[in-house]
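Enquirer: how does the following fold in three dimensions:
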Amino acid sequence: MAQHDVVLISDYDKGVCTPSLLRVVIDAGRAAGVPVLVDPIRGTDYSRYQGATTMTPNRTEAGLATGIKIAANDDAFRAGQQLSAASWSSNWPSSRSIATAWRSCMPTAAARFFQRVPRARL
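Expert: Below is the predicted model:
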């Protein structure tokens with residue numbers, strides 16, 4: 001795990017990201033000091049992602065999880081505050097530190113990813 005810059009869990013709710021698998025991956029990332037980012041399922045209970053560095057719910061997912069109909073920026077802000085205040089998200093860093101973490105790790109992660117992608121032959 002430590003050789004990675006970031007772990008991304010994209011949960012499509014197809015049965016692959018079981019609570020036990022999520023726990024192992026999130027705990028391993030935290031132990032190695034590797035940010036764990038989660039694209040969650042459409043649902044109301046995000047406690048299965050407790051310990052992740054952050055989550056990236058879209059408008060529909062955030063609305064389902066909070067019960068807030070998100071039609072404007074203010075609605076999205078309220079939903080974000082509610083998600084951040086949830087007991088299972090108490091370890092989440094502030095949005096400022098999340099942005100700093102993204103800026104610091106993404107160029108390296110992206111560079112490593114694109115080094116591994118084979119180039120198409122024309």
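
Enquirer: count the residues that sit near Leu8.
Expert: 12 (other CB atoms under 10 Å). For every residue, glycine as well, the C-beta is placed using N, CA and C.

Enquirer: then Ala32?
Expert: 13.

Enquirer: the one 5 residues further on too?
Expert: Neighbour count for Leu37, taken as other CB under 10 Å: 19.

Enquirer: is it in a helix, a strand, or coil?
Expert: strand (DSSP: H, G, I helix; E, B strand; the rest coil).

Enquirer: got the contact list for it?
Expert: Contact analysis of Leu37 by CB atoms under 8 Å, 6 or more residues apart in numbering lists 6-9, 52-56.

Enquirer: give me every residue that touches Val7.
Expert: Contact analysis of Val7 by CB under 8 Å, 6+ apart lists 1, 25, 29, 34-37.

Enquirer: rewinding a little: ok, and the most crowded of the contacts of Leu37?
Expert: Ala52 (24 neighbours).

Enquirer: mind jotting down where the helices sit in this structure?
Expert: All helices of the chain, identified by DSSP state H, fall at 19-32, 59-66, 73-85, 95-116.

Enquirer: can you flag the weakest of these by average pLDDT?
Expert: The weakest mean pLDDT among the helices of the chain belongs to helix 95-116, with a mean of 46.
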